[in-house]
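Peer 1: Need coordinates for the below:
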Amino acid sequence: MTMRRMVKMHFKAGSIDAFIDFFESKKELIASFPGCHHVELLRDRREPDILYTYSLWDSEEALEDYRRSELFRSIWKETKLHFTSPASAWSMDLMAEAGMRS
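Peer 2: Numbering: from 1, shown residues only. Here you go, the predicted structure:
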């Protein structure tokens, strides 16, 4: 089952363009990390200083392996310098894959 991960980040004014360039330079490294199938950057339509990353992972373990990696540490160290508040993150399963019903 593929796990979905969304991270909400609120950036300081004037930091968005630099972060987008930084993310684009790292996106393929993240996407090629073992257990990652996809990563993309989204922008809030109403609050342009809020960006989200959306990624697909084999499992919680695969995500945790990434979060313990030097790649993540170096990316996160640079990224969080531009935040106005701590990031929020959610891990989710697609309901059809998880066999869930409402």
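Peer 1: Can you tell me the centre-most residue of the chain?
Peer 2: Thr53 (3.4 Å; Cα atoms, centre = their mean).
Peer 1: Who are the contact partners of that one?
Peer 2: Taking Cβ atoms under 8 Å, 6 or more residues apart in numbering as the criterion, Thr53 is in contact with 5-7, 9, 23, 39-42. Bear in mind the C-beta positions are built from the backbone N, C-alpha and C, glycine included.
Peer 1: Now, these that are in helices?
Peer 2: When the contacts of Thr53 are checked against helices (DSSP state H), the matches are Phe23.
Peer 1: Who wins on neighbours among the contacts of Thr53?
Peer 2: For these, neighbours were counted using other Cβ atoms under 10 Å, and Met9 has the most, 22 neighbours in all.
Peer 1: so how far is Ile16 from it?
Peer 2: 10 Å (Cβ to Cβ, to the nearest Å).
Peer 1: Quickly list what's touching both of the two.
Peer 2: Leu51.
Peer 1: Closest one of the contacts of Thr53 to Glu61?
Peer 2: Each of those was scored against Glu61 by Cβ to Cβ, and Arg5 proved nearest at 12.8 Å.
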